[in-house]
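Peer 1: My questions concern the predicted model and sequence given below.
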Amino acid sequence: RLLTWVCIAALILWARFLRPERGLQGALLLGFLLILVQAFLLAFSCSMLLEMVEQVERGGEPSLERAFRDSLGENLVAMLPLVLVWSLVWFLLSVVQALFEDDSRDSEDYSPENAARALADGSGSLLGAGIDALKKGVRMLVFLVMPAIAWEGRGFRDAVGRGYDVFRNNVAAFVTGFSLTYVLAGLLFLPVSLLLFAVDEGLLTLSSTQWYLVIGYSG
């Protein structure tokens, strides 16, 4: 999972600071492709994790190699349509969010501080925070579908139906889990939030090394 985050962080920083020349259509296409890659990495790592859980449940030793092989083979066909649908929803929500978000930081050049902010900053508006919540909810729904693919060997449509049945029969547990992730994320990122506030208010100055430590903590 940490390796997945490193890959996604690299994509975010590349898109944020290299800023390849592109028109509106090029920007939208690039944005969708970046989201598609992120969704695939997240789904694939989830598949590997589920495969390793299954290995342990069957009394065996967890094997990354076998989990990778199964995810790349048996699970991939059913996983790709799920990733595509998820990416489309994620992309549409991101476009709506971008229309209302402050883009003043988009012109900044790379620095350890700007990189840390790009990876740690949350949404700056209530609407943006609501869309972030929707993205998280969709991601959790996707991860409800993944066990049907990894553990039961179902195809895309059957797996989605199975995930929906699980959600419908466990709405309270889903809402509780959704809420707890926000509480936990808030607690974990509280030190970073306080740090960024102190820097913004001129109360604290961090060195490049310290900003890289902030990036590591965010990961």
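Peer 2: That came through fine.
Peer 1: got the contact list for the helix or strand encompassing Ala98?
Peer 2: If you go by DSSP states H and E, Ala98 is part of helix 76-100. Helix 76-100 is touched from outside by 28, 31-32, 35-36, 39-40, 43-44, 47, 71, 123, 125, 127-128, 131-132, 134-135, 138-139, 142, 145-146, 149, 154-156, 159-160, with contacts defined as C-beta atoms under 8 Å, 6 or more residues apart in numbering. Any C-beta I mention is one placed from the backbone N, CA and C, and that applies to glycine too.
Peer 1: In strands only, show me these.
Peer 2: Among the contacts of helix 76-100, no member falls in strands (DSSP state E).
Peer 1: Only whichever of those residues are buried, select them in ChimeraX.
Peer 2: This is how ChimeraX selects the buried members of the contacts of helix 76-100, with burial counted by 16 or more other C-beta atoms under 10 Å:
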select :31,32,35,36,39,40,43,44,47,71,123,128,131,135,139,142,145,146,149,154,156,159,160
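Peer 1: Which other helices and strands does the lengthiest helix in the chain contact?
Peer 2: If you go by DSSP state H, the chain has its longest helix at helix 24-57. Applying 3 or more C-beta pairs under 8 Å, 6 or more residues apart in numbering; DSSP states H and E, we find helix 24-57 packed against helix 2-13, helix 64-72, helix 76-100, helix 126-150.
Peer 1: Is it possible to get a markdown table of those helices that adds distance to Trp211?
Peer 2: Below are the helices and strands packed on helix 24-57 laid out as a markdown table (distance: least, C-beta to C-beta, whole Å):
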| stretch | distance to Trp211 |
| --- | --- |
| helix 2-13 | 13 |
| helix 64-72 | 32 |
| helix 76-100 | 25 |
| helix 126-150 | 23 |
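Peer 1: quick one: which of these is nearest Tyr182?
Peer 2: helix 126-150 (7.5 Å; C-beta to C-beta).
Peer 1: Now that closest one: average pLDDT?
Peer 2: On average, the pLDDT along helix 126-150 is 86.
Peer 1: now do stretch 30-49
Peer 2: On average, the pLDDT along stretch 30-49 is 91.
Peer 1: Could you number the chain from 234 rather than 1 from now on?
Peer 2: Noted, 234 is the first residue going forward, which turns the last one into stretch 263-282.
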